[in-house]
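Undergrad: What shape does this take:
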Amino acid sequence: VEGVTKLTKIELQSGQSDQAENFRKLVLAMSQDIRVLLVKLADRLHNMRTLHFIGQVDKRRRIALETMEIYAPLAERMGMQEMKNELEDLAFTELNPDARNSITARLQFLRDEGRDNVDAIVTELKDTLASERLQAGVSGRQKSPYSIWLKTQRKNVSFEQISDIIAFRIVVMDTQECYKALGIINQAYRVVPGRIKDYISTPKPNGYQSLHTSVIGPEKQRIEIQIRTKDMHEIAELGIAAHSLYKLDGDVPSGKEFGWLRELLEILDQAANPDDFLEHTKLEMFPDQVFCFTPVGDVIVLPSGATPVDFAYAVHSEVGAHCVSAKVNIRSMPLSTEMENGDQ
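TA: Numbers count the residues shown, from 1 in each chain. Predicted structure coming up:
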């Protein structure tokens, strides 16, 4: 609670913005004990759920923007997908109500048109797996309006072109069954090229593991399917909160185990003032990432749009300072090349 509590006006140095100074305090508290962040996120989620009670429009916008730029990405870094989705969607409601209403109306229209589509697809997927003697839990869940809107913006496509408005999940017993299920699904339906992702052999930095595939599935619909074990599912939904953070024998879980938090502390060391730190944090938090490999197979996680120069600096600042050329996937490429997932 001490770590989450805002600084009083007396503690603040004159001229510093309280938002930046409070965030600096939060980061330092998180580095001592990562559970501070869980309390902060729960507190923020509650604030967002009751945001509409605040009368001043500019205050609501400021809180929503801060949630979108800092707290939703922090929830994502913790792997807390469910919380991240709700934070983003609540902030989106405040920041861009027209876009959200438009997407909600379209989703409602789709629901009215093909009401029981999801149930039909779930049943068929279950039958397809059962016919190969694989018992699995199958469920379908609609994505949040914000994540759908983000996809239309990022990929510059219309609402109708998005294949994964509903994500289907297949939950099985163990890792071996994940790959078996992937094989069954990809044999039974036509696979959308370039849409298979294996986050089991290469987990995301926040611990997320799953197999993803997109197929022209039942009802001739293009759908995205995520395949995972029960443990993977728990970590995907609850992230670090699914771990045994609560069953501790007096040991305080330090935040320094997390690479992203160590990076924030480094920025904090180098920032001229708290405002500077806050700005750099927003850039650092940008959730889009690409996974690249060193020649010996180590994974380097970079922000979307990164180049071989960024890769070199991520290996070591000396390598970055001296790099003159790059080989991407054995081919010589210019240093301005944008890195893609899986590049070596």
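
Undergrad: average pLDDT across stretch 56-76?
TA: The average pLDDT within stretch 56-76 is 93.

Undergrad: which outside residues touch that stretch?
TA: If you take Cβ atoms under 8 Å, 6 or more residues apart in numbering as the criterion, stretch 56-76 is touched by 19, 23, 37, 40-41, 44, 47-48, 51-52, 54, 83-84, 87-88, 90-92, 94-95, 206, 239, 281-282, 285-287. C-betas here are computed from N, CA, C, even on glycine.

Undergrad: Repeat that for stretch 184-192.
TA: For stretch 184-192, contacts defined as Cβ under 8 Å, 6+ apart pick out 125, 128-129, 132, 134, 163, 170, 196, 213-218, 222, 225, 227.

Undergrad: Against residue 84, how distant is the spatially most central residue of the chain?
TA: Nearest to the mean C-alpha position of the chain, counting by Cα atoms, centre = their mean, stands residue 76 at 4.4 Å. Separation of residue 76 from residue 84 (Cβ to Cβ, to the nearest Å): 5 Å.

Undergrad: Also residue 5?
TA: Per Cβ to Cβ, residue 5 is found 24 Å from residue 84.

Undergrad: which of the two has more neighbours?
TA: Set residue 5 next to residue 84 and count neighbours by other Cβ atoms under 10 Å: residue 84 wins out with 24 against 11.

Undergrad: still on that earlier bit, state the helix or strand in which the residue nearest to the centre of the chain lies.
TA: Take DSSP states H and E as the rule and residue 76 turns out to sit in helix 72-77.

Undergrad: and the very next helix or strand once past that helix, what does it pack onto?
TA: Going down the chain from helix 72-77, the next helix or strand is helix 81-95, by DSSP H and E. Helix 81-95 is packed against helix 35-49, helix 57-66, helix 72-77, helix 97-113, helix 145-154, helix 230-238, with contacts defined by 3 or more Cβ pairs under 8 Å, 6 or more residues apart in numbering; DSSP states H and E.

Undergrad: Out of these, which is the most enclosed?
TA: Comparing the helices and strands packed on helix 81-95 by mean neighbour count (mean count of other Cβ atoms under 10 Å), helix 72-77 ranks first with a mean of 25.

Undergrad: thinking in terms of the whole chain, how far from its middle is that helix?
TA: Its chain's C-alpha centre and that of helix 72-77 lie 7 Å apart, by Cα atoms, centre = their mean, to the nearest Å.

Undergrad: start to end distance for stretch 28-41?
TA: Terminal residues of stretch 28-41 are spaced 16 Å apart (Cα to Cα, to the nearest Å).

Undergrad: pLDDT of that stretch, averaged?
TA: 89.

Undergrad: Give me the residues contacting that stretch.
TA: 1-4, 26, 71, 74-75, 78, 80, 83, 87, 240-241, 245, 252-258, 261, 265, 268.
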